[in-house]
Every structure is written in structure tokens, then in C-alpha cells.
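# what's the 3D shape of this:
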Amino acid sequence: MRTAHTSVLTWLLAAASWAAASSAPSTAGASEEKMENAPTSHMLEKEIPENAADTAHLAFLHGPAILSGSDLRYTKSRLWDFMKHVWKAEWQPEPEPHGHCSHMQLQHTATIFGRRFPLLDLSVSARQVGPGLVFLIFKHAFLGHGIILQTVTPLEPLLQNVVHKIYYQKNVPAIIPKFILRAECIQFERDVTIWNNKQYLPRPLLVCEDAGIQKHRRWFAQFYSERSTRPSVPKGDLDW
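Have a look, this model is predicted:
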């Protein structure tokens, strides 16, 4: 059991050989905001971090403007079609002795009526520590920098609880980190809709653009032991 960023981190079943707290960036002197998502169901815990390696989904799911909300029935609405988010991402596992970590570098730009809007350029460095802890370190040319802490807590098979906390420099008005955290959660809720309605296949047929998914699954397998509870292969959409 460890503590980091006002959170208690626990490791169940087999003891880990690494410490999550030692991998945490400092948030000293930063203000804090918190947002908790409703428990997400019909999904495995590893599907959340696997999202980082699935770069092919970014344009389709996260390209529409956040102004269109998280309901996928309306994100393609012509009302908000004047604005687009453009993402460039690269995910890699880290070498030893940090083999329990992975890293994603993300560049965000936005276009309005087809023209880039530099004020919304954002650089994000995401570090996954173990199976359920993520640090998203972001930098903006004018609005400074901050850290979003994401924790994933399994409640029962196929039911996860996700909490997002943002730590931001105190000299920035509180409305800025509140907006950033809300925008991040809108994008996350779009993913939740997909996770709650998809069928997870242990050996899917993948094209070359999905190579990162298989690479991530091999990396994530280290967090399962012989005593780990594993769901059986689904027989149908909702039959187990």
C-alpha cells in the first residue's frame, strides 16, 4: 500500500516488484480539481490503458469538437462541424528497470473552418504506471502546464471506477484547469460508450494500423499472475 497525490494506492493478489509512488511526478504547490466518472461496465480494466496504443481511433472518435459533447449520436452534427481536433500520438513501453511503465506522446491541434488555431495547440506526455495509474503531463504556450492523474479501480468483473484529478499551477485562474478537466472527461466518456458496447476478443484479427494494440496486450500481460481472475471467452454479445 502506498500514498501519492492524496490517493491510497493498493496492489491486490501477488505483490508487485515496483512502487507506483516512486514513479509519480511532483505536484507540490499546485491547485487541485477532481472529477469522478460513473462506474463503467461491460469492459475489462486493460481496455482503458489499451486506448493509448489504439491511435487509429483518434480521428474518428476524438476528432469532432468537444462542443458537441460525449453523446456519439450527435458528435457528427453539422452544427459543430466547423471545428475539428487533430491528434498525433505515439505509444511505447519503457525499458527496464521501468518495464511496468509505458509512455505516450500526444500532440493536439485544432482547426476552425479548416484553419489551424495555434492558441489551442497542446503537448501531452502520458505515462502509464502499472495497470491502473496514469499521469498526463500537458504543456501550453500561454496557459502553462499541469498534470491530470487518472486512477482505475476494479469494483467487480467488468465494472471499473475511474477518477480524474488535475493539478495546475496556482497563478492560473481556476476556470482554466476546470475547462481542461471537463474537456478531457468529455473525450473519455466517448471512449466509455465504445467500451460498453463492444465485444472484447482475446485474439482479434488486426490490420497493420492496429499493431500497437497487440504490442500493448503483450506489455499489459505482465500484470496478470496465475492467481488473477480472468473472464472466460464470450460465447455471444452478452453471454459468458
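# just how off-centre is the helix ranked longest in the chain within its chain?
Using DSSP state H to define each element, the chain has its longest helix at helix 175-195. Counting by CA atoms, centre = their mean, to the nearest Å, helix 175-195 is centred 10 Å from the centre of its parent chain.
# What helices and strands are in contact with it?
strand 30-36, helix 47-50, helix 58-62, strand 144-156, strand 159-169 (3 or more CB pairs under 8 Å, 6 or more residues apart in numbering; DSSP states H and E). Yep, even glycine has a C-beta here, placed from its N, CA and C like the rest.
# Asp71: which of those is closest?
Minimum separation from Asp71 across the helices and strands packed on helix 175-195 (CB to CB) falls at helix 58-62, 12.5 Å.
# Point out where this protein drops to low pLDDT.
Within the chain, the ranges that satisfy pLDDT under 70 run 1-6, 11-17, 20-42, 227-240.
# give me that answer again for 80
Within the chain, the segments meeting pLDDT under 80 span 1-44, 200-204, 209, 225-240.
# so which of the helices and strands packed on helix 175-195 gets nearest Pro93?
helix 47-50 (11.1 Å).
# Compute the number of surrounding residues for Arg217.
Under the neighbour criterion other CB atoms under 10 Å, Arg217 is assigned a count of 15.
# re the thing from before, helices or strands next to the helix or strand just after the longest helix of the chain in the packing?
The helix or strand immediately downstream of helix 175-195 is helix 211-220, counting by DSSP states H and E. Helix 211-220 makes packing contacts with helix 47-50, strand 83-93 when contacts are defined by 3+ CB pairs under 8 Å, 6+ apart.
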